[in-house]
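In: Just the structure for this:
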Amino acid sequence: MTLSIDNVLVALSKVIEPEKKKDLVTLEMIKELQVEANKVSFTLVLPSPNCPYKEGLRRACIKAIKEHFGDQTESEIVFQSPSRKVEVGVKNDLLPDVQHVIAVASGKGGVGKSTVASNLALSLAAKGASVGLVDADIYGPSIPLMFDAADKELTSVEENGKVTVLPLKQYGISIMSIGFFVDASRALIWRGPMASGALKQLFTDVKWGALDYLIIDLPPGTGDIHLSIVQTLKLSGIVVVSTPQEVALADARKAVSMFDNPKVGVKILGMIENMAWFTPAELPENRYYIFGQGGCRKLAEEMDVPFLGEIPLIQGVRESGDKGHPAVLNSNNPAGKFFEGIAENLIHEIEWIKKDKKKALLNN
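Out: A predicted model of the protein is given here:
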């Protein structure tokens, strides 16, 4: 059988969804289907981000394609769940179709915040969620490089007389960065109000559409940009990244204190410890705590905020980011299981918030 979009749909119509007992094509679960040479790529829309049979559907799709077009046919499948309007939670006037806006912060630079934000966004998408990622580091945007998108061109649309930019689709998520609009080789010399105004446009002038999660990669520290985000958007919460090193923890404490301050009032969803230990390839059973041991977990307990997990210092994580292909996209990279666990813990914290808000609404 010739490899074409129509014939691929015929093959995928043999795959049955276990709950509704109908095939994937009839249920319109196949989206963005593309065929190029001997490669098939498409989005598989799931009923929920934590769909228990998604891996079974993936294997069934790959098997059906190989049976129809041969074992040499490659398949690239991205999971997505139907995005919903915000029913209970934080309502954003600027982003009415985004269910949860989550900012990733750090007290200081150099702790791997952007790496964590990128891999966390992709880990949420791997669970079937529709995800967006905003690079809010105005002075040092890194997301275009980490997603191999530095040379990509953006497109725009006009609706009701207003022109908006479409976020770039890469690796199954929507990304946007100030780096798409400025010369990457030149430093931005902007005062606080100019930077804050440019940042606001990444939300007001971008057509994000319906998303389960919008992850914001904040610049390091605590300053104008952070306060502008809080004033512009109603966040579901903040995730704080730190290494176990004392100097990093001291700044992480400041970040937690700032967002948790009653005048700011943003929920701390949890803390993540990056570069927790190093394990050399030749000694897989050994752990070397180069920057200290368990400091972030202890700080989280002390400040009474959730601890979402730890990520070891893995050379492949850095190399993957530099090559524009984040680590979790490589099934052989050991970092994937750590980011997957953190994503699950984050979803759990958000679900608890939703339950609390439902209780509050019922009691009022």
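In: what about the nearest residue in space to W277 that is not next to it in sequence, how many neighbours?
Out: Once flanking residues are discounted, W277 sits nearest to R287: 4.3 Å by C-beta to C-beta, 6 or more residues apart in numbering. No exception for glycine: its C-beta is placed from N, CA and C like everyone else's. By the measure other C-beta atoms under 10 Å, the count of residues near R287 is 14.
In: ditto for F339
Out: Using other C-beta under 10 Å, F339 has 27 neighbouring residues.
In: Figure out the helix or strand that it lives in.
Out: Here F339 sits within helix 335-363, counting by DSSP states H and E.
In: just R58 next, same as before
Out: Element membership for R58 (DSSP H and E) is helix 54-69.
In: What average pLDDT does the helix holding F339 get?
Out: Helix 335-363 shows an average pLDDT of 76 in the prediction.
In: Quick one: list the elements packing against the helix holding R58.
Out: If you count contacts as 3 or more C-beta pairs under 8 Å, 6 or more residues apart in numbering; DSSP states H and E, helix 54-69 packs onto helix 5-12, strand 39-45, strand 74-80.
In: The longest one: how far from the chain's middle?
Out: Right, helix 5-12. Using C-alpha atoms, centre = their mean, to the nearest Å, the mean C-alpha position of helix 5-12 is found 30 Å from that of the whole chain.
In: related to what we said a few turns ago, which positions within the helix holding R58 qualify as buried?
Out: Buried residues in helix 54-69, defined by neighbour count with 16 or more other C-beta atoms under 10 Å: 54, 57, 60-62, 64-65, 68-69.
In: now that helix: mean pLDDT?
Out: 91.
In: Residues touching that helix, excluding its own?
Out: Contact with helix 54-69 is made by 1, 3, 7-8, 10-12, 14-15, 17-18, 24, 38, 40, 44, 46, 73, 75, 77, 79, 128, as judged by C-beta atoms under 8 Å, 6 or more residues apart in numbering.
In: Swap in 7 Å and give it another go.
Out: The contact list for helix 54-69, computed with C-beta atoms under 7 Å, 6 or more residues apart in numbering, reads 1, 3, 7-8, 11-12, 14-15, 40, 44, 46, 73, 75, 77, 79, 128.
In: between these, which is nearest A327?
Out: Closest approach between the contacts of helix 54-69 and A327, by C-beta to C-beta: F79, at 18.0 Å.
In: quick one on the thing from earlier: filter the contacts of helix 54-69 to the buried ones?
Out: Among those, the ones that count as buried by 16+ other C-beta under 10 Å are 3, 8, 11-12, 15, 40, 44, 46, 73, 75, 77, 79, 128.
In: Can you lay out those residues as a markdown table showing distance to D224 and pLDDT?
Out: Formatted as a markdown table, the buried ones among the contacts of helix 54-69 follow (distance: C-beta to C-beta, whole Å; pLDDT from 0 to 100):
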| residue | distance to D224 | pLDDT |
| --- | --- | --- |
| L3 | 53 | 90 |
| V8 | 50 | 94 |
| A11 | 54 | 94 |
| L12 | 50 | 95 |
| V15 | 51 | 94 |
| V40 | 47 | 93 |
| L44 | 41 | 89 |
| L46 | 40 | 83 |
| T73 | 52 | 92 |
| S75 | 46 | 91 |
| I77 | 42 | 88 |
| F79 | 37 | 81 |
| G128 | 36 | 86 |
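In: farthest-separated two in those?
Out: Those two in the buried ones among the contacts of helix 54-69 that are separated most widely, counting by C-beta to C-beta, are L3 and G128, at 26.3 Å.
In: Pop out the phi and psi values for M258.
Out: Per-residue torsions, M258: phi -70, psi -50 (degrees, to the nearest 10).
In: need the contact list for D260.
Out: The neighbours of D260, taking C-beta under 7 Å, 6+ apart as the test, are I268.
In: Touching, V240 and A255? I think so.
Out: Yes. Between V240 and A255 there is a contact at 5.2 Å, judged by C-beta atoms under 7 Å.
In: quick one on the thing from earlier: and the helices and strands packed on helix 54-69: which comes nearest P262?
Out: Closest to P262 of these is strand 74-80 (C-beta to C-beta; 37.6 Å).
In: what packs against that closest one?
Out: strand 39-45, helix 54-69 (3 or more C-beta pairs under 7 Å, 6 or more residues apart in numbering; DSSP states H and E).
In: With distance to M275 as new columns, can these be given to me in TSV?
Out: Below are the helices and strands packed on strand 74-80 laid out as TSV (distance: least, C-beta to C-beta, whole Å):
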stretch	distance to M275
strand 39-45	33
helix 54-69	30
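In: How about I175: what's its closest non-neighbour residue?
Out: Nearest non-adjacent residue to I175, counting by C-beta to C-beta, 6+ apart: L133, 4.8 Å away.
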